[in-house]
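Participant: what follows is a predicted structure for the sequence shown.
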Amino acid sequence: MIRKISKVISVLLLISCLGLAVPVWGAEQNVMKPGGITYEMKEISVQYAAEFTANPVAKAGKPTVSTSVYDAVYNNAAKPLQVLYGVVKLTTMQGNSFTEEFISVTDGVHSVRALSNGGGPIYNVNKQVRGQSTEFVTGKKLTDKSVVKDYSDGWKTIRLVRNWDDYANPMGFTISFKWDLVGPTDAFFQKLTETSYVIDLTTLRQKGANQAVQR
């Protein structure tokens, strides 16, 4: 499984589908698409990766027109999702380095990827950190060694909520999706927003420093 994760990470970097959450000061260029901006990176390296399955459990709201469109096009209801989560280290052309969390979600046919856009810790009743909630935005992507920020396809977000017990064991992971419906029709992502998912922790496989998932 670790070999599989390493292979998936390599593919992610090659097809350039990660996103960036922190502004990068330096080599800024306009891209071909109106409103898009790109920032050149000197180096990119994956620090940690975890792979797991998220199972659909319930509708998040009433069925919409887009739901029937999804079923007509893909001939299927919501499927289990394979999720790849991790931490990537980015180094700017000026030599400044920082880390960002990335995520990739696929139902085996369609996929979506993004990098973190913010989040924060989750506290227990004793005000001790026992979880982390992270928002990812699909409008921030990595192309080769450049970061592209482009929101012309709308504001699509993925939220990963991770909880762990007093001994740092993972428990109660969930994933959810939101979209402002701006931009081209995307039946796959719309279907994700209409479904609730719970992560099956028995499928969790990870590589790298475990504390990276709990930062």
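Facilitator: Received, thanks.
Participant: could you find the closest non-adjacent residue to Trp155?
Facilitator: Spatial nearest neighbour of Trp155, chain neighbours left out: Asp180 (4.6 Å); criterion: Cβ to Cβ, 6 or more residues apart in numbering. Heads up, the C-betas are built off the backbone N, CA and C, glycines and all.
Participant: looking at the protein, which helix or strand is least sure?
Facilitator: In the chain, no helix or strand scores lower on mean pLDDT, DSSP states H and E than strand 28-30, which sits at a mean of 40.
Participant: where do the strands sit along the protein?
Facilitator: Read by DSSP state E, the chain holds these strands, from start to end of the chain: 28-30, 37-59, 81-92, 97-106, 111-123, 129-137, 140-143, 146-149, 156-164, 170-179, 195-208.
Participant: Val182 versus the residue most central in space within the chain, what's the distance?
Facilitator: Centroid-nearest residue in the chain: Ile103, 2.7 Å away (criterion: Cα atoms, centre = their mean). According to Cβ to Cβ, to the nearest Å, Ile103 and Val182 sit 21 Å apart.
Participant: quick check, pLDDT for the residue nearest to the centre of the chain.
Facilitator: As predicted, Ile103 sits at a pLDDT of 93.
Participant: wait, isn't Ser97 in contact with Val88?
Facilitator: No - Ser97 is beyond contact range of Val88, at 10.9 Å (criterion: Cβ atoms under 8 Å).
Participant: and the two? Which one has more around it.
Facilitator: Set Ser97 next to Val88 and count neighbours by other Cβ atoms under 10 Å: Val88 wins out with 24 against 11.
Participant: which ones are touching the closest residue to Thr195 other than its chain neighbours?
Facilitator: Spatial nearest neighbour of Thr195, chain neighbours left out: Ala78 (4.3 Å); criterion: Cβ to Cβ, 6+ apart. Neighbour list for Ala78: Pro56, Lys191, Leu192, Glu194, Thr195 [criterion: Cβ atoms under 8 Å, 6 or more residues apart in numbering].
Participant: dump those to CSV, plus neighbour count and distance to Lys127.
Facilitator: Conversion of these to CSV gives the following (neighbours: other Cβ atoms under 10 Å; distance: Cβ to Cβ, whole Å):
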residue, neighbour count, distance to Lys127
Pro56, 18, 34
Lys191, 25, 38
Leu192, 26, 33
Glu194, 18, 35
Thr195, 22, 33
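Participant: so, low pLDDT: which residues of the chain?
Facilitator: Scanning the chain for pLDDT under 70 picks out 1-35, 58-76, 209-215.
Participant: I'd like the distance between Val112 and Gln82.
Facilitator: To Gln82, Val112 is 12 Å away according to Cβ to Cβ.
Participant: list the residues that contact both of these two?
Facilitator: Both Val112 and Gln82 are in contact with Val105, Thr106, where contact means Cβ under 8 Å, 6+ apart.
Participant: so between those two, which is more surrounded?
Facilitator: The neighbour count for Val112 versus Gln82, taken as other Cβ under 10 Å, is higher for Val112 (20 against 17).
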